[in-house]
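S.K.: here's a sequence, model it:
(2 chains)
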Amino acid sequence: MGDPMRIRAQVSGNTTTVRVLMSHEMETGQRRDTAGKVIPAWFIQEVSAAHNGKPVLTASWGPSVAKNPFMRFNLKGAKAGDKVSVTWTDNKGDKRTDEAVVA
Amino acid sequence: MKAALVWATACAALLLGAVWPGVGLAQVQTQTPTSAKSTADGIAEYRKMLEDGNPADLFEAKGEGLWKEKRGPKNVSLEKCNLGKGPGVVKGAFVELPRWFEDTQRVQDLESRLLTCMEALQGFSATEIASTAFGRGEQVNVTALATYVAAESRGLRFNLPQAHPAERKSYEIGKRVFFFRGGPMDFSCAACHSEAGKRIRLQDLPELTKNPGDGVGFAAWPAYRVSNGQMWSMQLRLNDCFRQQRFPYPGFGSDVTISLGTYMGVNAKGAQSIAPAIKR
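M.R.: Okay, the predicted model is just below:
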């Protein structure tokens, strides 16, 4: 399991802005180490978000996404106190879910 | 011979003719947006956008976890570590470092003090960690811990103590190192950092001989480097300055790096800390 994510969800009127910062190496598989050996690819393949348990976003990611990626999206209809959870799965099968309360 | 010379002159004239209108055009084009928004404004806007998701937050969270976790051969946390304001006091410690420590009889900066605590409390070998390359093994944890400690002083103003003679000596040594010219390029720290309003590409070069302002220079590190995705502590920042000057690398937590820290920190008196910051 990876390091924790940082999730912030701020409501303004009917729209909630969700900001997610994930901790991940996002290794492309194109780089070589100092010994000349290829560093194996290791990146997040799927990101999903849920609002009070109901899926609201699914994204397919690839090796071109930056290290320690930052994702931001808008959510309609969420209220303060609601829960937003984000899950990522990487190509090694590792998974991480974190949750934040809408403020 | 004479014909060739005439031909060459004609060519030069043609070239000039082709180049001049181009230069004029470029000037017109760059001047129009300048009046609306200066280059500095553009850079500031870019930085603002980056700040929204500063990955330094991830290192801060990691460092906080490491601070409270029981680790090392002695299986103890760092919660009793004295960073200068008494055992366990983290808030406000960063803006008063480097300072004199009675127990080690040394002026120490944040990273070297963390090593002392890791050795004394947790049983790690400080010499072993100091000789580990940046970004490997325990060095990664030292950087995360430094990020956490610095973040706890976010918004506070630098106020380094100078009461002890060793602290004043450290400042004087730092000043001399700062102005010391050498290496194959005959550089000193002062070559780039002793004048206001200078920059290299998009990077402003802070004037470090005085207070460069809030959140600039000494008040901005540790910082996350977007270009290489690494978290850099002040020790690594200084190490890279030495590399850029083509000087030999200084030892981790060595007296020379700590003295430079004292010099910059004392000069930055009153500057607000924004560490951990985000850099290109």
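
S.K.: what residues are up against the closest residue to chain B within chain A?
M.R.: Of chain A, the residue with the smallest distance to chain B, taken as CB to the nearest CB, is A:Phe70 at 3.3 Å. Heads up, the C-betas are built off the backbone N, CA and C, glycines and all. Residues in contact with A:Phe70 (CB atoms under 8 Å, 6 or more residues apart in numbering or on different chains) are A:Arg19, A:Val20, A:Leu21, A:Met22, B:Asp52, B:Gly53, B:Pro55.

S.K.: give me the distance between B:Gly84 and B:Gln245.
M.R.: Distance check for B:Gly84 against B:Gln245: by CB to CB, to the nearest Å, it reads 30 Å.

S.K.: hang on, I meant A:Thr34
M.R.: For A:Thr34, the distance to B:Gln245 - CB to CB - is 24 Å.

S.K.: same question, B:Arg113
M.R.: With the distance defined as CB to CB, B:Arg113 ends up 26 Å from B:Gln245.

S.K.: low pLDDT regions in the chain?
M.R.: Let's take chain A. A:1 (pLDDT under 70).

S.K.: please refer instead to chain B.
M.R.: B:1-36.

S.K.: that older thread, residues in a beta bridge with the residue of chain A closest to chain B, which ones?
M.R.: Assessed by DSSP bridges, A:Phe70 has beta-bridge partners A:Leu21.

S.K.: residues in chain A within reach of chain B, list them.
M.R.: Within reach of chain B by CB under 8 Å from any CB of the partner chain, chain A has these residues: A:Asp3, A:Pro4, A:Arg6, A:Arg19, A:Leu21, A:Ser23, A:Ala66, A:Lys67, A:Asn68, A:Phe70, A:Arg72.

S.K.: mind giving me the PyMOL select for the residues you listed, buried ones only?
M.R.: Here is the PyMOL command that selects the buried residues among these (16 or more other CB atoms under 10 Å in any protein chain shown):
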select buried, chain A and resi 6+19+21+23+67+68+70
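
S.K.: ok so, going back, more neighbours: B:Arg113 and B:Gln245, which one.
M.R.: Counting neighbours by other CB atoms under 10 Å in any protein chain shown for B:Arg113 and for B:Gln245 shows that B:Arg113 has the greater number, 25 against 20.

S.K.: thought that one was touching B:Leu83?
M.R.: Yes. Using CB atoms under 8 Å, B:Arg113 makes contact with B:Leu83 at a distance of 5.8 Å.

S.K.: okay, and the common contacts of the two?
M.R.: B:Leu97.

S.K.: identify the farthest-apart pair in the contacts of A:Phe70.
M.R.: A:Met22 and B:Asp52 (14.3 Å; CB to CB).

S.K.: spatially nearest residue to the one residue in the stretch 1-150 of chain B that gets nearest to chain A (excluding sequence neighbours)?
M.R.: Residue nearest to chain A within the stretch 1-150 of chain B: B:Gly53 (3.3 Å; CB to the nearest CB). Nearest residue to B:Gly53, sequence neighbours excluded (CB to CB, 6 or more residues apart in numbering or on different chains): A:Phe70, at 3.3 Å.

S.K.: can you check B:Asp52 too?
M.R.: Leaving aside its sequence neighbours, B:Asp52 sits nearest to A:Arg19 (CB to CB, 6+ apart; 6.8 Å).
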